[in-house]
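# Next come a sequence and a model predicted from it.
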Amino acid sequence: MRLNPQTIKQWQRFRTIKRGYFSLIALGIMLLLAVFAELLVNSRAVIVRYEGEFYFPTYAAYLPGRTFGLDYAYETNYRELKATFRAADVEAEARGEPGSGNWLILPPVHFNPFETDFRDDAFPPYPPSLEYGHFLGTDITGRDILARLLYGFRLAMSFAVILLACNYVIGIVVGCAMGFWGGAFDLLFQRLIEVWSNVPFLYVIMIVASVIVPNFWTLVAVMVIFGWMSMTWYMRTATYREKAREYVAAARALGSSNSRIVFRHILPNTISIIVTFIPFSVATGVTALTALDYLGFGLPPPTPSWGELLSQGTENLRSPWIVTSVVVAMTVVLLMVAYIGEAIREAFDPKKFSFYE
Amino acid sequence: MKRLWPLYMILLSGCGGGDSATDQPVVETDGGSGEVVFGDTHLVDNPPVYESKPLPEGLEWVTNDEDPIFASPDAIRGGTFTDYVTSFPLTLRQYGPSSNSGSFAILYRDLPLQLVNIHPNTLNLIPELATHWAFGDDGKTVYYRLDPRARWSDGEPITADDYLFHRDFRVSEYVIDPYGANYFTTEILDISKYDDHTISVTAGFASPGDELIYSTAVPPVPRHFHKLDGNWVEDYNWRVAPTTGPYQISAMEKGRYVEFSRQADWWADDLKYLQYRYNPDTVRIDVIRDENVAFEYFLRGELDRYDLSRDLPSRWHDQAQGPDFDRGYIGKIQYYVDVPQPKRGLWINQNDPILSDRNVRYGLAHALDFDRALRTVFRGDYDRLQHTFEGNYWGYAHPDIRARAFDLGLADRYFDEAGWTDRASDGIRMKDGQRLSVLISYATDDHTPWLVVLREEARKAGIELALQLLDPSAWSNQLTEKTFQISYVSYTNNITPNPWQSWHSDNANKPDTNNITNTAIPELDAVLDRFDAATTLDERVRLAHEFQEMIYETGAVIPSFKIPYVRETYWRWLRLPESYSVRRADEIFAPIGNQGHIGGLFWIDEQIKAETLAARDAGRSFEPINIVDTTWRVQ
């Protein structure tokens, strides 16, 4: 695929803005880690070798304890299994026999975001400790914070991206239609959008969330219903502007159909606007989900979410590791997204040297 | 610094003042001296007077003045006690719309005296507004001889007409009290007057002896005060009604606080069981919306005590400590009580297709590791509630029923028997392509930690508990319409069981009844009907044990926790009797109550208060106060 030379120039310009470029790399790495979260932060082992066979429990169906010689039928506790293997090997060594050859590899953080880990001598929340494997400590029910941060990050980002995609598709279609057809259609939709955007969307979400318990998709749906209007204004003005340009007139004179004009001529010229807004919409989506979860109107417990962790943190300020980890994580992620957004905006700026430099 | 003072002025000008009442409060204060002038309470031109009937012959009047007093003669009158509620009342009316909600209503409803009350330690009856009582032959009627000295707080005498007026008042269309209207048609059939100081109350159902007193408890309503017309609800929203209790509202700022003042020459001051009680001169109830904030106020000394009985254990163990506690300025008291426990538990809707199978209900009960939740989330502070009739007095509570224990082997067996033998890839059982997943609804986020613990352990049995935290009104709607699967509910429990409303089939499969489990078992109905009709204590106890066993067999409610004590932190200038509190205590430092809370046993020692505050400034310490009293602990 040969890229548009203008796009190549914009990308090179983006790369010169170091702050945004490194933010993009960092965010990319974090997203990659989040995609493979189950291999990095999980209570399931990555590889188990038992009696000559290899097992890969991470993405498979659950393996009951009996598979590995333990005496229960529910899911194997792999941390215990590791200790069991080690104990058996130590015993064998002491007796001078060869080891069993059983081993397993656990992920670097061997807790999942749901399990509650209680110690006999103290009550949660537990502070960060290398000895117990909770690198960022636990929350008030003993769940590992690093696990909940990572899975929460994945959830928040996927929520933001999907929300963004739905909003943009609807917004672009409606906005472009308004700009292209104009006239009565434009007037009608403008009034509709004005009325609709005056509905206090946070209150409506709270009401809906208190009647039905929202899951991921219903929450996306509700937010799309009230948030699709944001892109329409920009698309409308961009379409109006492009429609008045001469190349559109030329295309029309050549006999292009309306859809060809829109898809081939107008939309590609509005991409810069869309792309510029994407990072800020991601930030908005993450913040909206966190805010709803903080208030208790978002995803139901025990979903790992930053808002829920934040709410726990502010109620337990005597255990500062809870609130600190969430605040730092949110700050870092949103800062990076903001830097990327600014860098993109600058990269797409037609003026190379502007007054506000 | 000089240049900043205009900034300070601007900032300070935003502070101070609050919402002042936009309506005229009826209670006006006489600015300078602070003395209260009541609005006129004689609002009815011709208060109703009722006809007398001839008194039946052969009534045996009884009373009780032999039981020991439970207050302390060392009590000192005086001082101001400051407490808080989380929301300002919606109205001062005790009946009618919006009168029953909020923490203030619980407090205020507790203020009036009863005809006959129950001794909080011996459980015998003691006189209050009535001096003597007698039981009628029909087993449903109690006759009361009223104390002729009894007065309302505005000086009007309390007579038999006020009791008969209660009935007209509650059924009146202007008061809009559907529960009251129903109550005085089915639960209380008649109130009769025999002379100005003799009445009788007839209940709808027969009960043995002392229990009948509960069914016939009717407080008087001041007939000279309540003008019943179309504007009653509006007019009486903020009118301070005359009361029979020891305190009366003396000052109020809407949204901020309500202040009660002790009646100086209260007629009941020398009644045996009311002596030495209700000692503070003023009780001030502030409105503090957030409990964390209220606790901080307490630590600063602006609240006299903080009740931690039903707070998360972390506050008692972690936050209620520090130099003020170590130096003895603030004390901690934990007092074991013997009261009917609220029916806290997971109530199961048996109409749900998954949960209609009894094996599933049994399996679920065996899959819930309450002990782990108690040990970890509640730090061993609470006990397991064994069944929902625990704490009923006089032998009604079944002594042997134990809640189903956590046993994965039994859980597996019951689920297998119910046909849930397949397993999904995450270990959850399946049958015909459906997952064994049930929804638990609840209304307060405080319950999430222990529900999470139960959920994680239940996965081992292959059942998935989905948690649904709802807004309180949405949760309540689910109960009313019975559209839930499992709901965490905590019903109040009374001294004697009242199972008909929750377990009889007449209330099943209908909205807005207390039979939320939709239990409809003909044999159980028969036992419940016989229980309601039985008149002797022995027979009622026997039938009570029988229906409790049958309820246990349905498995429709999984009891959760009980809190077998009350515990509070308090500043050391609050003094208690030697026995600290009583068997039936609901709070140790209840300032006002008389019905639900056994109030007014403490007093404020101003000398100790001055001494404590001086010592705090100087850094001197006293002996730390940590009281644990197990006198009334139920084994």
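Great, that's in hand.
# only C-alpha atoms for contact and neighbour calcs from this point on.
OK.
# which SS state does B:V201 fall under?
strand (DSSP: H, G, I helix; E, B strand; the rest coil).
# Any idea what it is bridged to?
Counting by DSSP bridges, B:V201 forms beta bridges with B:V142, B:I191.
# and it, how many neighbours?
25 (other CA atoms under 10 Å in any protein chain shown).
# B:N507 too?
Neighbours around B:N507, by other CA under 10 Å: 20.
# Contact partners for it?
B:Q501, B:T513, B:N514, B:N515, B:N518 (CA atoms under 8 Å, 6 or more residues apart in numbering or on different chains).
# Please list the residues of chain A that sit near chain B.
Chain A has residues A:60-62, A:73-75, A:114-116, A:118, A:123, A:140-141, A:210-211, A:213, A:300-302 near chain B, with proximity defined as CA under 8 Å from any CA of the partner chain.
# What ranges does the stretch 201-350 of chain A have for its helices?
Assigned by DSSP state H, counting those that start in this stretch, the helices in the stretch 201-350 of chain A fall at A:201-211, A:216-227, A:230-243, A:246-253, A:258-260, A:267-295, A:306-315, A:320-347.
# Make a markdown table out of those and add mean neighbour count and mean pLDDT.
Below are those laid out as a markdown table (neighbours: other CA atoms under 10 Å in any protein chain shown; pLDDT from 0 to 100):
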| stretch | mean neighbour count | mean pLDDT |
| --- | --- | --- |
| helix A:201-211 | 16 | 80 |
| helix A:216-227 | 18 | 91 |
| helix A:230-243 | 21 | 92 |
| helix A:246-253 | 13 | 91 |
| helix A:258-260 | 12 | 88 |
| helix A:267-295 | 19 | 90 |
| helix A:306-315 | 21 | 91 |
| helix A:320-347 | 20 | 93 |
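# hang on, the earlier thing: sort out which of the residues of chain A next to chain B are buried, if you could.
Listed as buried from the residues of chain A next to chain B are A:62, A:73-75, A:114-116, A:118, A:123, A:140-141, A:210, A:213, A:300-302; burial here means 16 or more other CA atoms under 10 Å in any protein chain shown.
# now, the most widely separated pair of those residues?
Comparing all pairs in those by CA to CA, the longest separation belongs to A:A73 and A:S210, at 37.7 Å.
# most centrally placed residue in chain A?
By CA atoms, centre = their mean, the mean C-alpha position of chain A lies nearest to A:M157, the distance being 1.2 Å.
# who's in contact with it?
Counting by CA under 8 Å, 6+ apart, A:M157 has contacts A:V282, A:G285, A:V286.
# Let's see that with 10 Å instead.
A:L31, A:A34, A:Y151, A:L163, A:V282, A:A283, A:G285, A:V286, A:L289 (CA atoms under 10 Å, 6 or more residues apart in numbering or on different chains).
# Not counting its neighbours along the chain, what's nearest the third one?
Spelled out, that is A:Y151. Nearest residue to A:Y151 in three dimensions, chain neighbours excluded: A:P304, at 6.3 Å (CA to CA, 6 or more residues apart in numbering or on different chains).
# Equivalent analysis for the first one, please.
Setting aside the residues directly before and after it, A:L31 is nearest to A:R154 in space (CA to CA, 6+ apart), at 7.4 Å.
# Please, which helix or strand holds the residue in chain A that chain B sits nearest to?
Using CA to the nearest CA, the closest approach of chain A to chain B is made by A:A61 at 4.0 Å. For A:A61, there is no host helix or strand (DSSP states H and E).
# Likewise for B:R372?
helix B:370-376.
# The closest residue to chain A within the stretch 1-150 of chain B - how many residues pack around it?
Proximity of the stretch 1-150 of chain B to chain A (CA to the nearest CA) peaks at B:T86, 17.6 Å away. When neighbours are counted by other CA under 10 Å, B:T86 registers 16.
# what distance separates the helix or strand hosting A:F159 from the centre of its chain?
Using DSSP H and E, A:F159 maps to helix A:145-181. Helix A:145-181 sits 10 Å away from the centroid of its parent chain (CA atoms, centre = their mean, to the nearest Å).
# Just after it, pick out the following helix or strand.
helix A:183-197.
# how far off helix A:145-181 does that following helix point, in degrees?
150 degrees (axes from the mean of the first three to the mean of the last three CA atoms, to 10 degrees).
# helices or strands up against helix A:183-197?
Contacts defined by 3 or more CA pairs under 10 Å, 6 or more residues apart in numbering or on different chains; DSSP states H and E place helix A:183-197 against helix A:145-181, helix A:216-227, helix A:230-243.
# what about 8 Å?
helix A:145-181 (3 or more CA pairs under 8 Å, 6 or more residues apart in numbering or on different chains; DSSP states H and E).
# neighbours of A:R2, just the number please.
A:R2, neighbours per other CA under 10 Å, totals 5.
# element containing it?
Counting by DSSP H and E, A:R2 is found in no helix or strand.
# show me what contacts it?
A:R2 touches nothing, counting by CA under 8 Å, 6+ apart.
# that older thread, with adjacent residues omitted, what lies nearest to the residue of the stretch 1-150 of chain B closest to chain A?
Closest to B:T86 by CA to CA, 6+ apart is B:R289, at 4.4 Å.
# For that neighbour, grab phi and psi.
The phi and psi values for B:R289, taken as degrees, to the nearest 10, are phi -70, psi -30.
# A:F111 now?
phi -130, psi 150.
# show me the contacts for it.
A:V41, A:N42, A:S43, A:D144, A:A147 are the contacts of A:F111 under CA under 8 Å, 6+ apart.
# Closest to B:I118 out of those?
Using CA to CA, the contacts of A:F111 come closest to B:I118 at A:D144, 51.4 Å.
# check contacts around that closest one.
Counting by CA under 8 Å, 6+ apart, A:D144 has contacts A:F111, A:N112, A:P113, A:T116, A:H134, A:L136, A:G137, A:T138.
# how about a cut-off of 6 Å?
Residues near A:D144 by CA atoms under 6 Å, 6 or more residues apart in numbering or on different chains: A:H134, A:T138.
# Just want the residue of chain B that's nearest chain A.
For chain B, CA to the nearest CA, closest residue to chain A: B:S425, 4.0 Å.
# Excluding chain neighbours, give the residue nearest to that residue in space.
According to CA to CA, 6+ apart, the nearest residue to B:S425 is A:A61 (4.0 Å).
# need the helices of the stretch 201-350 of chain A in JSON lines with distance to B:A320, can you?
Formatted as JSON lines, the helices of the stretch 201-350 of chain A follow (distance: least, CA to CA, whole Å):
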{"stretch": "helix A:201-211", "distance to B:A320": "34"}
{"stretch": "helix A:216-227", "distance to B:A320": "39"}
{"stretch": "helix A:230-243", "distance to B:A320": "50"}
{"stretch": "helix A:246-253", "distance to B:A320": "75"}
{"stretch": "helix A:258-260", "distance to B:A320": "71"}
{"stretch": "helix A:267-295", "distance to B:A320": "26"}
{"stretch": "helix A:306-315", "distance to B:A320": "16"}
{"stretch": "helix A:320-347", "distance to B:A320": "18"}
